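# Here is my input; please provide its structure:
(one chain, ligands or ions: 1)
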Amino acid sequence: MRKLLMAQDLGDLNKAVQEALEIKKNRYAYKQLGENKTLLCVFFNNSLRTRLSTQKAGMNLGMNTMVLDVNQGAWKLETERGVVMDGDKSEHLLEAIPVMASFCDVIGVRSFARFENKEFDYQETILNQFIKYSGKPVFSMESATAHPLQAFADLITIEEYKKKERPKVVMTWAPHPRALPQAVPNSFADFMNEANVDFVITHPKGYELSEKFVRNAKIEYDQDKALEGADFVYAKNWSAYQDPHYGQILSKDMSWTVSTEKMALTNNAYFMHCLPVRRNMIVTDDVIESPQSLVIPEAANREISAETVIKRILESL
Ligand code: CP
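Numbers count the residues shown, from 1 in each chain. Next up, the predicted model:
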(Lines give C-alpha, C1' and ligand atoms only; values in the text may rest on other atoms or scores of the structure.)
Protein backbone atom coordinates (compact mmCIF):
# COMPACT_ATOMS: atom_id res chain seq x y z
CA MET A 1 0.00 0.00 0.00
CA ARG A 2 1.54 3.33 -1.09
CA LYS A 3 -1.22 5.83 -0.36
CA LEU A 4 -4.52 6.32 1.45
CA LEU A 5 -7.14 8.77 0.25
CA MET A 6 -10.20 6.74 -0.76
CA ALA A 7 -11.84 3.56 0.57
CA GLN A 8 -10.69 1.72 -2.56
CA ASP A 9 -7.05 2.22 -1.47
CA LEU A 10 -7.78 -0.36 1.26
CA GLY A 11 -8.96 -2.97 -1.23
CA ASP A 12 -11.58 -5.36 0.21
CA LEU A 13 -13.08 -3.23 3.00
CA ASN A 14 -14.46 -6.18 4.93
CA LYS A 15 -10.98 -7.74 5.02
CA ALA A 16 -9.54 -4.42 6.18
CA VAL A 17 -12.07 -4.22 9.03
CA GLN A 18 -11.36 -7.82 10.09
CA GLU A 19 -7.61 -7.06 10.04
CA ALA A 20 -8.23 -3.97 12.18
CA LEU A 21 -10.24 -5.99 14.72
CA GLU A 22 -7.40 -8.55 14.92
CA ILE A 23 -4.88 -5.73 15.47
CA LYS A 24 -7.11 -4.34 18.22
CA LYS A 25 -6.83 -7.64 20.12
CA ASN A 26 -3.06 -7.18 20.31
CA ARG A 27 -1.94 -3.80 19.05
CA TYR A 28 1.73 -4.48 19.84
CA ALA A 29 1.95 -7.72 17.82
CA TYR A 30 3.72 -6.03 14.90
CA LYS A 31 6.33 -4.07 16.87
CA GLN A 32 9.19 -5.50 14.77
CA LEU A 33 7.67 -4.19 11.54
CA GLY A 34 8.51 -0.55 12.19
CA GLU A 35 11.95 -1.01 13.76
CA ASN A 36 14.33 1.70 12.45
CA LYS A 37 11.51 3.18 10.39
CA THR A 38 10.34 6.77 10.86
CA LEU A 39 6.82 8.17 10.56
CA LEU A 40 6.52 11.90 9.85
CA CYS A 41 3.14 13.54 10.52
CA VAL A 42 2.85 16.94 8.83
CA PHE A 43 0.09 19.23 10.08
CA PHE A 44 -1.01 22.33 8.19
CA ASN A 45 -4.09 22.50 10.50
CA ASN A 46 -5.01 21.83 14.11
CA SER A 47 -5.71 18.38 15.48
CA LEU A 48 -6.21 16.50 18.74
CA ARG A 49 -7.33 12.97 17.78
CA THR A 50 -5.38 12.54 14.56
CA ARG A 51 -2.17 13.87 16.09
CA LEU A 52 -2.29 11.51 19.09
CA SER A 53 -3.81 8.42 17.47
CA THR A 54 -1.47 8.42 14.46
CA GLN A 55 1.64 8.85 16.61
CA LYS A 56 0.39 6.11 18.94
CA ALA A 57 -0.24 3.82 15.96
CA GLY A 58 3.31 4.40 14.74
CA MET A 59 4.71 3.70 18.20
CA ASN A 60 2.61 0.50 18.48
CA LEU A 61 4.35 -0.63 15.28
CA GLY A 62 7.80 0.13 16.71
CA MET A 63 8.37 3.26 14.59
CA ASN A 64 10.07 6.50 15.48
CA THR A 65 7.48 9.25 15.08
CA MET A 66 8.03 12.93 14.27
CA VAL A 67 5.43 15.68 14.06
CA LEU A 68 5.84 18.93 12.14
CA ASP A 69 3.35 21.73 12.70
CA VAL A 70 4.00 23.73 9.58
CA ASN A 71 2.44 26.90 10.96
CA GLN A 72 4.23 26.76 14.30
CA GLY A 73 8.00 26.98 14.09
CA ALA A 74 8.62 25.95 10.46
CA TRP A 75 9.14 28.42 7.61
CA LYS A 76 5.92 29.68 6.11
CA LEU A 77 5.40 27.60 2.96
CA GLU A 78 4.39 28.66 -0.53
CA THR A 79 2.26 25.98 -2.21
CA GLU A 80 1.55 27.45 -5.68
CA ARG A 81 4.14 26.99 -8.43
CA GLY A 82 5.11 30.09 -10.44
CA VAL A 83 4.54 32.57 -7.63
CA VAL A 84 7.13 35.36 -7.20
CA MET A 85 8.01 34.73 -3.56
CA ASP A 86 8.36 38.35 -2.43
CA GLY A 87 5.81 38.03 0.38
CA ASP A 88 5.87 36.41 3.81
CA LYS A 89 6.47 32.83 2.61
CA SER A 90 10.15 31.87 2.91
CA GLU A 91 10.18 28.33 1.51
CA HIS A 92 8.42 26.48 -1.29
CA LEU A 93 6.69 23.19 -0.68
CA LEU A 94 8.56 21.78 -3.69
CA GLU A 95 11.85 21.98 -1.76
CA ALA A 96 10.33 21.34 1.66
CA ILE A 97 8.69 18.04 0.65
CA PRO A 98 11.84 16.21 -0.54
CA VAL A 99 13.76 17.56 2.45
CA MET A 100 11.09 16.25 4.87
CA ALA A 101 11.03 12.96 2.96
CA SER A 102 14.78 12.51 3.37
CA PHE A 103 14.27 12.09 7.12
CA CYS A 104 11.44 9.54 7.11
CA ASP A 105 9.94 6.41 5.54
CA VAL A 106 6.20 7.15 5.72
CA ILE A 107 4.37 10.51 5.67
CA GLY A 108 0.93 11.50 6.97
CA VAL A 109 -0.45 14.85 5.83
CA ARG A 110 -3.20 17.03 7.28
CA SER A 111 -4.16 19.85 4.96
CA PHE A 112 -7.74 21.12 4.96
CA ALA A 113 -9.68 22.64 2.09
CA ARG A 114 -9.00 26.36 1.83
CA PHE A 115 -12.27 27.35 0.11
CA GLU A 116 -10.35 29.79 -2.10
CA ASN A 117 -10.45 27.64 -5.22
CA LYS A 118 -12.65 24.54 -5.51
CA GLU A 119 -10.44 23.01 -8.20
CA PHE A 120 -7.30 23.44 -6.04
CA ASP A 121 -9.12 21.75 -3.14
CA TYR A 122 -10.82 18.94 -5.07
CA GLN A 123 -7.65 18.07 -7.00
CA GLU A 124 -6.04 17.43 -3.59
CA THR A 125 -3.20 19.69 -4.71
CA ILE A 126 -1.23 19.62 -1.45
CA LEU A 127 -1.55 15.89 -0.78
CA ASN A 128 -0.70 15.05 -4.39
CA GLN A 129 2.41 17.22 -4.23
CA PHE A 130 3.54 15.10 -1.26
CA ILE A 131 2.80 11.93 -3.24
CA LYS A 132 4.64 13.20 -6.32
CA TYR A 133 7.69 14.84 -4.76
CA SER A 134 8.39 12.81 -1.59
CA GLY A 135 8.97 9.40 -3.16
CA LYS A 136 7.54 7.95 0.07
CA PRO A 137 4.16 6.38 0.90
CA VAL A 138 1.72 9.15 1.88
CA PHE A 139 -1.58 8.91 3.69
CA SER A 140 -4.24 11.53 4.31
CA MET A 141 -4.74 12.58 7.93
CA GLU A 142 -7.67 14.69 6.62
CA SER A 143 -6.86 16.44 3.42
CA ALA A 144 -8.90 18.81 1.30
CA THR A 145 -11.61 16.35 0.27
CA ALA A 146 -11.28 13.26 2.44
CA HIS A 147 -10.66 11.92 5.94
CA PRO A 148 -10.22 8.18 5.33
CA LEU A 149 -8.67 7.33 8.72
CA GLN A 150 -11.80 8.76 10.37
CA ALA A 151 -14.21 6.91 8.09
CA PHE A 152 -12.27 3.67 8.56
CA ALA A 153 -12.48 4.10 12.36
CA ASP A 154 -16.21 4.84 11.98
CA LEU A 155 -16.71 1.63 10.00
CA ILE A 156 -14.75 -0.41 12.57
CA THR A 157 -17.00 1.07 15.29
CA ILE A 158 -20.18 0.23 13.37
CA GLU A 159 -18.91 -3.34 12.91
CA GLU A 160 -18.32 -3.63 16.67
CA TYR A 161 -21.72 -2.28 17.73
CA LYS A 162 -24.11 -3.41 14.99
CA LYS A 163 -26.94 -5.71 16.09
CA LYS A 164 -27.98 -6.83 12.64
CA GLU A 165 -26.12 -7.91 9.51
CA ARG A 166 -27.13 -4.85 7.49
CA PRO A 167 -27.86 -1.87 9.78
CA LYS A 168 -29.45 1.36 8.64
CA VAL A 169 -26.87 4.15 8.87
CA VAL A 170 -28.04 7.75 8.51
CA MET A 171 -25.59 10.60 7.99
CA THR A 172 -27.29 13.86 8.90
CA TRP A 173 -26.14 17.42 8.32
CA ALA A 174 -26.43 19.56 11.47
CA PRO A 175 -25.90 23.30 12.07
CA HIS A 176 -22.53 24.88 12.93
CA PRO A 177 -21.41 28.51 13.32
CA ARG A 178 -18.41 28.27 10.94
CA ALA A 179 -17.92 26.97 7.41
CA LEU A 180 -16.49 23.45 7.60
CA PRO A 181 -14.93 21.31 4.84
CA GLN A 182 -16.73 18.35 3.25
CA ALA A 183 -13.86 15.91 3.94
CA VAL A 184 -15.49 13.97 6.79
CA PRO A 185 -18.93 13.50 5.17
CA ASN A 186 -17.24 12.74 1.82
CA SER A 187 -15.18 9.92 3.30
CA PHE A 188 -18.03 8.62 5.46
CA ALA A 189 -20.16 8.35 2.31
CA ASP A 190 -17.27 6.78 0.39
CA PHE A 191 -16.80 4.07 3.04
CA MET A 192 -20.51 3.45 3.72
CA ASN A 193 -21.12 2.99 0.00
CA GLU A 194 -18.63 0.10 0.06
CA ALA A 195 -19.90 -1.40 3.34
CA ASN A 196 -22.81 -3.76 3.99
CA VAL A 197 -25.15 -1.07 5.35
CA ASP A 198 -28.39 0.61 4.29
CA PHE A 199 -26.98 4.11 3.89
CA VAL A 200 -29.05 7.30 3.82
CA ILE A 201 -27.83 10.92 3.69
CA THR A 202 -30.06 13.74 4.92
CA HIS A 203 -29.40 17.46 4.60
CA PRO A 204 -31.18 20.69 3.68
CA LYS A 205 -31.43 21.41 -0.04
CA GLY A 206 -28.26 23.08 -1.32
CA TYR A 207 -25.92 20.87 0.73
CA GLU A 208 -25.52 18.15 -1.93
CA LEU A 209 -22.03 16.60 -1.76
CA SER A 210 -19.75 15.56 -4.60
CA GLU A 211 -21.00 12.65 -6.72
CA LYS A 212 -17.52 11.12 -6.49
CA PHE A 213 -18.28 10.28 -2.85
CA VAL A 214 -22.10 10.07 -2.70
CA ARG A 215 -22.44 7.78 -5.73
CA ASN A 216 -25.71 5.81 -5.36
CA ALA A 217 -26.44 6.67 -1.71
CA LYS A 218 -30.07 7.50 -0.89
CA ILE A 219 -30.71 11.22 -0.29
CA GLU A 220 -33.68 12.20 1.88
CA TYR A 221 -34.30 15.91 2.43
CA ASP A 222 -36.75 15.29 5.30
CA GLN A 223 -34.54 14.60 8.32
CA ASP A 224 -37.36 13.04 10.40
CA LYS A 225 -38.18 10.62 7.60
CA ALA A 226 -34.51 9.71 7.15
CA LEU A 227 -34.07 8.97 10.86
CA GLU A 228 -37.01 6.52 11.00
CA GLY A 229 -35.67 3.07 11.89
CA ALA A 230 -32.02 4.17 11.90
CA ASP A 231 -29.56 1.94 13.78
CA PHE A 232 -26.73 4.51 13.64
CA VAL A 233 -27.01 8.29 13.38
CA TYR A 234 -23.84 9.98 12.14
CA ALA A 235 -24.07 13.75 12.59
CA LYS A 236 -21.79 16.20 10.82
CA ASN A 237 -21.83 19.75 9.56
CA TRP A 238 -20.42 20.66 6.20
CA SER A 239 -20.45 23.77 4.04
CA ALA A 240 -21.92 23.88 0.54
CA TYR A 241 -20.10 21.95 -2.18
CA GLN A 242 -22.14 23.00 -5.20
CA ASP A 243 -21.35 26.14 -7.22
CA PRO A 244 -21.78 29.06 -6.85
CA HIS A 245 -21.87 28.54 -3.06
CA TYR A 246 -18.75 26.37 -2.58
CA GLY A 247 -17.48 26.69 1.01
CA GLN A 248 -20.41 28.81 2.17
CA ILE A 249 -22.89 28.42 5.03
CA LEU A 250 -26.42 28.25 3.60
CA SER A 251 -28.30 27.41 6.80
CA LYS A 252 -27.96 27.41 10.56
CA ASP A 253 -31.37 25.81 11.05
CA MET A 254 -31.37 24.55 14.64
CA SER A 255 -34.27 22.20 13.92
CA TRP A 256 -31.58 19.91 12.41
CA THR A 257 -29.72 19.57 15.76
CA VAL A 258 -29.71 15.93 16.86
CA SER A 259 -31.87 15.93 20.00
CA THR A 260 -33.59 13.34 22.19
CA GLU A 261 -36.75 13.93 20.16
CA LYS A 262 -34.89 13.21 16.92
CA MET A 263 -33.27 10.07 18.35
CA ALA A 264 -36.74 8.87 19.43
CA LEU A 265 -37.57 8.47 15.73
CA THR A 266 -34.82 5.86 15.33
CA ASN A 267 -34.46 2.19 16.18
CA ASN A 268 -32.78 3.14 19.49
CA ALA A 269 -29.86 4.22 17.33
CA TYR A 270 -26.31 4.76 18.38
CA PHE A 271 -25.10 8.35 17.99
CA MET A 272 -21.81 9.00 16.22
CA HIS A 273 -19.70 12.08 15.49
CA CYS A 274 -16.02 12.37 14.54
CA LEU A 275 -15.30 15.12 17.13
CA PRO A 276 -14.57 17.88 17.89
CA VAL A 277 -18.26 18.68 18.23
CA ARG A 278 -20.15 21.87 19.05
CA ARG A 279 -22.62 20.81 21.73
CA ASN A 280 -26.19 22.09 21.38
CA MET A 281 -25.46 23.05 17.77
CA ILE A 282 -24.76 19.63 16.24
CA VAL A 283 -26.07 17.51 19.13
CA THR A 284 -27.67 18.16 22.49
CA ASP A 285 -25.91 17.43 25.77
CA ASP A 286 -28.46 14.70 26.53
CA VAL A 287 -27.78 12.76 23.34
CA ILE A 288 -23.99 12.97 23.41
CA GLU A 289 -23.94 11.96 27.08
CA SER A 290 -26.45 9.12 26.61
CA PRO A 291 -25.49 5.43 26.75
CA GLN A 292 -26.17 5.32 22.99
CA SER A 293 -23.37 7.78 22.25
CA LEU A 294 -20.32 6.16 20.62
CA VAL A 295 -18.19 9.27 20.25
CA ILE A 296 -15.47 8.07 22.64
CA PRO A 297 -15.03 4.47 21.35
CA GLU A 298 -15.21 5.91 17.83
CA ALA A 299 -12.34 8.31 18.60
CA ALA A 300 -10.38 5.52 20.32
CA ASN A 301 -10.66 3.44 17.14
CA ARG A 302 -8.64 6.10 15.33
CA GLU A 303 -5.55 4.40 16.78
CA ILE A 304 -6.66 1.11 15.22
CA SER A 305 -7.54 2.51 11.80
CA ALA A 306 -4.19 4.32 11.65
CA GLU A 307 -2.28 1.26 12.81
CA THR A 308 -3.92 -0.95 10.18
CA VAL A 309 -3.04 1.51 7.42
CA ILE A 310 0.54 2.10 8.55
CA LYS A 311 1.08 -1.65 9.04
CA ARG A 312 0.01 -2.26 5.44
CA ILE A 313 2.31 0.51 4.25
CA LEU A 314 5.26 -0.92 6.21
CA GLU A 315 4.57 -4.37 4.74
CA SER A 316 4.86 -2.86 1.25
CA LEU A 317 8.20 -1.06 1.80
N1 CP B 1 -11.76 13.68 14.16
C2 CP B 1 -10.57 14.29 14.00
O3 CP B 1 -9.89 14.15 12.96
O4 CP B 1 -10.17 14.99 15.09
P5 CP B 1 -8.93 16.02 15.11
O6 CP B 1 -9.28 17.12 14.14
O7 CP B 1 -8.85 16.49 16.53
O8 CP B 1 -7.72 15.29 14.67
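# Now do the contacts for the closest residue to the ligand within the stretch 151-300 of the chain.
The nearest approach of the stretch 151-300 of the chain to the ligand comes at residue 274, 4.0 Å away (CB to the nearest ligand atom). Yep, even glycine has a C-beta here, placed from its N, CA and C like the rest. For residue 274, the residues meeting the contact criterion (CB atoms under 8 Å, 6 or more residues apart in numbering) are 49, 147, 150, 154, 184, 236, 298-299.
# repeat that for 6 Å
By CB atoms under 6 Å, 6 or more residues apart in numbering, the contact set of residue 274 is 150, 184.
# Contacts only, for residue 279.
residue 285.
# Check the gap between it and residue 270 for me.
Going from residue 279 to residue 270 by CB to CB, to the nearest Å gives 18 Å.
# same thing with residue 72?
Taking CB to CB as the criterion, residue 72 is separated from residue 270 by 36 Å.
# the more surrounded of these two?
Neighbour totals were compared for residue 72 and residue 270, and residue 270 leads with 27 against 8 (other CB atoms under 10 Å).
# so who does that one touch?
With contact taken as CB under 6 Å, 6+ apart, residue 270 is in contact with 161, 232, 292, 294.
# Flag every residue of the chain that's near the ligand.
Within the chain, the positions near the ligand by CB under 6 Å from any ligand atom are 47-50, 142, 150, 274-276.
# Quick check on the residues you listed: which are buried?
Applying a neighbour-count criterion of 16 or more other CB atoms under 10 Å, the buried members of these are 47, 49-50, 142, 150, 274.
# Specify the local secondary structure of the residue of the stretch 151-300 of the chain closest to the ligand.
Here residue 274 is coil, with the state taken from DSSP: H, G, I helix; E, B strand; the rest coil.
# Specify the local secondary structure of the residue lying farthest from the centre of the chain.
Computed with CA atoms, centre = their mean, the residue of the chain farthest from its C-alpha average is residue 86, at 34.8 Å. Reducing the assignment to helix, strand or coil with three-state DSSP, the entry for residue 86 is coil.
# ok, how many other residues are close to the nearest residue to residue 222 once chain neighbours are set aside?
Computed as CB to CB, 6 or more residues apart in numbering, the closest residue to residue 222 that is not its neighbour in sequence is residue 202, at 7.3 Å. Taking other CB under 10 Å as the neighbour definition, residue 202 ends up with a count of 23.
# List the contacts of residue 202.
Going by CB under 6 Å, 6+ apart, residue 202 touches 172, 220, 223, 226.
# Contact partners for residue 41?
In this structure, residue 41 makes contact with 54, 67, 108, judged by CB under 6 Å, 6+ apart.
# Can I take it that the last one is in a helix?
Spelled out, that is residue 108. No - using three-state DSSP, the assignment for residue 108 is strand, not a helix.
# Distance of the residue nearest in space to the middle of the chain relative to residue 111?
Relative to the mean C-alpha position of the chain, the nearest C-alpha, by CA atoms, centre = their mean, is the one of residue 147, at 2.2 Å. As judged by CB to CB, residue 147 and residue 111 stand 11 Å apart.
# cool, residue 90 as well?
Applying CB to CB, one obtains 18 Å for the distance of residue 90 from residue 111.
# does residue 157 count as helix, strand or coil?
Here residue 157 is recorded as helix under three-state DSSP.
# Apologies, that question was intended for residue 199.
strand.
# Find the nearest non-adjacent residue to it, please.
Counting by CB to CB, 6+ apart, residue 192 is the residue found nearest to residue 199 once chain neighbours are left out, at 4.2 Å.
# which ones are touching the residue farthest from the centre of the chain?
By CB under 6 Å, 6+ apart, the contact list for residue 86 is empty.
# Same question for residue 311.
For residue 311, counting by CB under 6 Å, 6+ apart, the contacting residues are residue 30.
# a helix runs through residue 132, doesn't it?
Yes - using three-state DSSP, the assignment for residue 132 is a helix.
# Which parts of the stretch 1-150 of the chain are strands?
Read by DSSP state E, counting those that start in this stretch, the stretch 1-150 of the chain holds these strands, from start to end of the chain: 3-4, 38-43, 64-69, 77-78, 91-92, 106-110, 138-140.
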